[in-house]
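Q: The amino acid sequence is not available; the structure is as follows:
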């Protein structure tokens, strides 16, 4: 095989491996950037909150010029009853909803 073909094959394999790892890890985004309209799972933020480290505590840096903001977690504080489109009743509480 030619050297260039071997290099191209190695690069494609590296890209597929990286994509598979990121897809398999399945980490939910923890922060968002309003000016770039993106979300990311941040292991750590820089002291200015403009750098989000996505691979480890010091690697995989994504930049947000206005600063990264934490995605709020939706918590139900009290129980209430809600209905879906078919009329099935649910009781929603602090940890989510369940059938009544």
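A: Done, it's in. Just so it is clear, the model here is predicted, and its values are computed rather than measured.

Q: Please confirm that residue 57 is located within a strand.
A: No. Read with DSSP: H, G, I helix; E, B strand; the rest coil, residue 57 is coil and lies in no strand.

Q: Check what contacts stretch 55-74 and list those residues.
A: 29-36, 38-40, 42-45, 48-54 (Cβ atoms under 8 Å, 6 or more residues apart in numbering). Backbone N, C-alpha and C define where each C-beta goes, glycine included.

Q: Could you tell me which ranges of this structure sit under the pLDDT cut-off?
A: Within the chain, the stretches with pLDDT under 70 are 1, 17-26, 73-100.

Q: where do the strands sit along it?
A: 31-33, 38-40, 44-45, 51-53, 61-63, 69-70, 80-83, 89-93, 96-99 (DSSP state E).

Q: Any of the contacts of stretch 55-74 buried? List them.
A: Using 16 or more other Cβ atoms under 10 Å as the burial test, the contacts of stretch 55-74 include 30-33, 40, 42-43, 45, 50-54 as buried.

Q: As CSV, these with distance to residue 13 would be great.
A: Putting the buried ones among the contacts of stretch 55-74 into CSV (distance: Cβ to Cβ, whole Å) gives the following:
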residue, distance to residue 13
30, 30
31, 31
32, 32
33, 31
40, 25
42, 28
43, 26
45, 32
50, 34
51, 30
52, 28
53, 26
54, 22
